[in-house]
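Novice: quick one: sequence and predicted model below, then my questions.
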Amino acid sequence: MANRLISRSALCFLAILALTIPTAAGAAKKEKQPTAQPPEATAAGSLQQLPGRLGCVAVGPAAKKACGRGRGLKGPGPFMGSRAIAVSPDGKNVYVAAGGSDAIAVFARESGTGALEQLQGKAGCVAAIGAGGAGNCGPAIGLIAPNSVAVSPDGRNVYATARDGASVTAFHRNPRTGALKQLPPSASGCISTLPIPDCTAGRALKGPDVIVVSADGKNVYVGNFFGNSVASFSRAAGSGALTQLPGSEGCIADSTAEGCAGGIALGSIEGLAMSGSGSGVYAAAAVSNAVDVLVRNRSTGALSQATNGSGCISDAVLTGCTQGYQVAGANAIAVSPKGGTAYATSLFSNSVTTFDPTRGEVGLTQPARELGEKTPEGLGSPAGCLVWLRSPGCSFGVAMKSPEGVAVSPDGESVYVAAYETGAIDIVDRDAKTGTITQKPGERGCIASKSTPVCARGRALAGLSSVVVSPDGRNVYSTAQRSNAVDVFRRIE
């Protein structure tokens, strides 16, 4: 992990140097651009951290100084994982994967303010058997370094990936309290590629990084960082039990090892999202510097990938993919509930990039851009990219170094980005008709610690990696790995 962080930091530094070198073409054309006015400074979609200890829940120093005290929250939203926080469909609960505690923390959500209160006793968290502090949590098998969590659309189940357990874990959710209880071994409460007692054997689960549930509740998909794959599972309607699909339907990977179907540009999957129609799964592949389009068989749940250029968009020239831009280190991906536009964060590009859905079929396209042209500062770019510092054809992003998590509001009017190195939540307006994104100007455009003066002041935000919007659109929640905290914001509507 340390080597990976050092490598990412080095690559980010090189990317920053490249972005700061001005081009002669850009300088020559700058004077030809018409005078542009900044976007209207509306409050809608902006964020306010809840006051005092209501604004965050933490363990360690942050809990002593600024936040409410929690349990099982060490290392929430690890650097390897961008979907470490989820809100139940009924809005009653929030679940957080905390890799350092080998735990999932369970919170009740107050409907009016959105404030969080951890459930009492062992109902407040589930943790790996034998983990430090597990005596204060309900027991779980295979939950070793959890890094992603998802709630089923019917609210009956919670699923989590665990990186060091090489596992997928399944829990029954109490609809009244939100408390979790792991499904029994007979119902595959744990599926792993490691010989963990009471876990069912799985395939292609190497470094599981991200998990999503299909909108129809029939399937669960897991993106694997070290496995360079997406594993596919069927979900039982009643119990929520998972079963990996048979044969090559059970996984799609860069290699056909372990009996997987063959795919391309699937190196180190870190982000997953379902297409608006449910007929596709979009994947962000960090090492391949690509966004992949996987076609879902809605009857079986199996995934396939086209090789004619429509199955992936990559930063580099790659056989079988369309060449794109600003997806170096593709990290997380989210789809707008209105229009189906997809937004991907990319760690090495320090960017948020827009992808338009292909009409009549499963697919994504990037808006064309005119290299050498610079969008006036503060304006949205029809080219479809928002970049920290500068890049030809893209908008200028503020406080967006090493972006990880991304989420779209239910009304489709806002996009929120968790920037790991900056320790900031970036607040972006979205044009509902075109899908174009524009970061809010001034302090409304980001919330960060005092070390980032251009942003509004926030607390316990070090190492932000995951972000989610509540189903009612009233709140935004984020995980801060370095602060060992969950942050709570009110969204201005």
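Specialist: Looks like it came in fine.
Novice: give me the mean pLDDT for stretch 273-285.
Specialist: Averaged across stretch 273-285, pLDDT comes to 95.
Novice: what residues sit buried inside that stretch?
Specialist: For stretch 273-285, the neighbour count (16 or more other CB atoms under 10 Å) marks 273, 274, 275, 276, 280, 281, 282, 283, 284, 285 as buried. From N, CA and C alone the C-beta is placed, and that goes for glycine too.
Novice: with just CA atoms, put it into CSV.
Specialist: The C-alpha trace of stretch 273-285 is given here as CSV (Å, rounded to 0.1, in the frame of the first residue of the first chain):
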residue,chain,number,x,y,z
ALA,A,273,-21.8,2.4,-11.7
MET,A,274,-25.0,1.0,-13.3
SER,A,275,-26.2,2.7,-16.5
GLY,A,276,-29.6,4.5,-16.3
SER,A,277,-31.3,1.7,-18.2
GLY,A,278,-29.8,-1.1,-16.1
SER,A,279,-28.4,-2.7,-19.3
GLY,A,280,-24.8,-1.7,-18.7
VAL,A,281,-22.2,-1.5,-16.0
TYR,A,282,-19.6,1.3,-16.3
ALA,A,283,-16.1,0.7,-14.8
ALA,A,284,-13.2,3.0,-14.0
ALA,A,285,-9.9,1.2,-14.6
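Novice: now do that stretch: distance to the chain's middle.
Specialist: 13 Å (CA atoms, centre = their mean, to the nearest Å).
Novice: same check on stretch 44-63?
Specialist: With CA atoms, centre = their mean, you get 20 Å for stretch 44-63.
Novice: export only the CA atoms of it, formatted as PDB.
Specialist: What follows is stretch 44-63, C-alpha atoms only, in PDB (Å, rounded to 0.1, in the frame of the first residue of the first chain):
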ATOM      1  CA  ALA A  44     -28.600  26.000  -4.700                       C
ATOM      2  CA  GLY A  45     -26.600  22.900  -4.300                       C
ATOM      3  CA  SER A  46     -24.000  24.500  -2.000                       C
ATOM      4  CA  LEU A  47     -23.100  22.800   1.300                       C
ATOM      5  CA  GLN A  48     -22.900  23.800   5.000                       C
ATOM      6  CA  GLN A  49     -21.300  21.500   7.500                       C
ATOM      7  CA  LEU A  50     -23.600  20.900  10.500                       C
ATOM      8  CA  PRO A  51     -22.600  23.000  13.500                       C
ATOM      9  CA  GLY A  52     -20.400  21.700  16.300                       C
ATOM     10  CA  ARG A  53     -20.100  18.000  17.000                       C
ATOM     11  CA  LEU A  54     -23.100  17.400  14.700                       C
ATOM     12  CA  GLY A  55     -20.900  18.100  11.700                       C
ATOM     13  CA  CYS A  56     -18.800  15.000  12.000                       C
ATOM     14  CA  VAL A  57     -18.400  11.700  13.900                       C
ATOM     15  CA  ALA A  58     -14.900  10.400  14.500                       C
ATOM     16  CA  VAL A  59     -12.400   8.400  16.500                       C
ATOM     17  CA  GLY A  60      -9.100   9.700  17.700                       C
ATOM     18  CA  PRO A  61      -8.000  13.400  18.000                       C
ATOM     19  CA  ALA A  62     -10.900  14.700  15.900                       C
ATOM     20  CA  ALA A  63     -13.400  13.200  18.300                       C
END
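Novice: if we can go back for a sec, from the buried residues of stretch 273-285, which land in strands?
Specialist: 273, 274, 280, 281, 282, 283, 284, 285 (DSSP state E).
Novice: max pairwise distance over these: which two?
Specialist: Taking CB to CB as the measure, these span a maximum distance of 16.7 Å, between 274 and 285.
Novice: now the buried residues of stretch 273-285 as CSV including distance to residue 44?
Specialist: Formatted as CSV, the buried residues of stretch 273-285 follow (distance: CB to CB, whole Å):
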residue, distance to residue 44
273, 24
274, 27
275, 27
276, 23
280, 30
281, 31
282, 27
283, 31
284, 28
285, 34
